[in-house]
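**Q** Sequence and predicted model, in that order:
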Amino acid sequence: MKTRSMAFTLTLLAALAATSALASGGGYTLDWFTVDGGGGTSSGGGIVVEGAIGQPEAGEMSGGGITVVGGFYSEDDSAPAGTGILFLPLVLKNYPPCFAGPNEVEPNDDFPQANGPLCVGVTDFTGYHNGATEDKDYFQFTLATAGTITVQLVTYANTDPQIALYNQSQVSVGFSGGPPYSIVYNGAAGTYYARVYTTANYGANAYTLRVTYP
Ligand SMILES: [Ca+2]
Ligand SMILES: [Ca+2]
C-alpha cells in the first residue's frame, strides 16, 4: 500500500511539474492560476485520496442571505469570468504598535519623527511647545478609505499656534493660523500628517490636538 501511495504521489508531482512547464512556455498566456493542495477527492489505480492541504474550509457557505467564502483562493461569483480573489494571511513579527498618546513624544520635529501611526479611534493628543526656539510637533495617521479629515486644536495656551495638514507626499493640503484652529479636508485613502507649531511665544505651552478621520 505504501508503494502504491508513493507511486500516486510521484504521478501527482509530475502532473504539477507539467502544469508549471505549460505556464512558463512560449505561446501561452495565463493571467492567473492556482496550484491547489489536493482539496476534494482524487483517485487512481485503486487508490482514493481525500484531503485539503493549505486551503482549510475552502468553498462557499451560505444561509439566511449571508454568504461566507472561505479558503485562501476563491472564485467570486459576482466577478467577471476568469477572475478570482486571493487572500494572503500574514503573521507579522515585531509589528510596529500604533501611537495612543495621550501625550506627544519628542523628538517629533519633522516628518520622519512624526508620532504615529495614530491608533484608530484615539482622537485627542496633548502636546507642548517648550523652550526658547520654535518646536514643531508632527503626528502621522492613515486613512484606510477616503473620507473627511478634521484636525483641530481644542485647547491651547500659546497665543499664536498654527496647525497644518499634509498628504503622504508631504504636500500641504490644509492650514489654520487663527481661531477656531480647525482644518476640514476630504482626503483619499493614504497617509497624512498633522503639524502643530508656533510662530512666536515659544514658552512652555500645552495644547490638545484632535484628529478625526474614517
Ligand atoms: Ca512638542
Ligand atoms: Ca516637537
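**A** Arrived safely, thanks for sending. Ligands and ions are numbered 1, 2, ... in the order given.
**Q** okay, now the closest residue to E104 other than its chain neighbours: neighbour count?
**A** The shortest distance from E104 to any residue other than its chain neighbours is 4.0 Å, reached at G127 (CB to CB, 6 or more residues apart in numbering). (Each C-beta comes from the backbone N, C-alpha and C, glycine too.) Around G127 there are 24 other residues, counting by other CB atoms under 10 Å.
**Q** So what pairs up with G127 in the strands?
**A** When bridges are assigned using DSSP bridges, the partners listed for G127 are Y207.
**Q** That one: what's it in contact with?
**A** For G127, the residues meeting the contact criterion (CB atoms under 8 Å, 6 or more residues apart in numbering) are 103-104, 137, 196, 206-209.
**Q** please redo it, this time with the cut-off set to 10 Å
**A** Applying CB atoms under 10 Å, 6 or more residues apart in numbering, we find G127 in contact with 101, 103-106, 108, 115, 135, 137, 139, 153, 156, 161, 196, 205-209.
**Q** Tell me which of those residues fall in helices.
**A** Taking DSSP state H as the definition of helices, the contacts of G127 contribute nothing to them.
**Q** those helices in this structure, which residues are they?
**A** Defined through DSSP H, the helices belonging to the chain, from first to last, are 2-24.
**Q** For it, which residues are neighbours of ligand 2?
**A** Within the chain, the positions lying close to ligand 2 (CB under 5 Å from the ion) are 108-109, 135, 137.
**Q** among those residues, who's most crowded?
**A** Tallying neighbours with other CB under 10 Å puts D137 at the head of the residues of the chain next to ligand 2, with 25 neighbours.
**Q** P102 and Y138, how far apart?
**A** Between P102 and Y138 the computed distance is 17 Å (CB to CB, to the nearest Å).
**Q** oh, I was asking about I163
**A** Taken as CB to CB, the span from I163 to Y138 is 11 Å.
**Q** Which neighbours do the two have in common?
**A** In the contact map built from CB under 10 Å, 6+ apart, the residues linked to both I163 and Y138 are 194-197.
**Q** still on that earlier bit, of the contacts of G127, list those near ligand 1.
**A** Judged by CB under 5 Å from the ion, the overlap between the contacts of G127 and the neighbourhood of ligand 1 comprises 135, 137.
**Q** Go through the contacts of G127 and flag which are in strands.
**A** Those of the contacts of G127 mapping onto strands are 137, 139, 153, 156, 161, 196, 205-209, per DSSP state E.
**Q** Which member of the residues you listed is positioned nearest ligand 1?
**A** Nearest to ligand 1 among those, counting by CB to the ion, is D137 at 4.2 Å.
**Q** quick one: low-confidence parts of the protein?
**A** Flagging of the chain using pLDDT under 70 yields the residue ranges 1-40, 42, 49-61, 68-89, 131-132, 201-202, 204.
**Q** near ligand 1, which residues of it?
**A** The chain has residues 127-128, 135, 137 near ligand 1, with proximity defined as CB under 5 Å from the ion.
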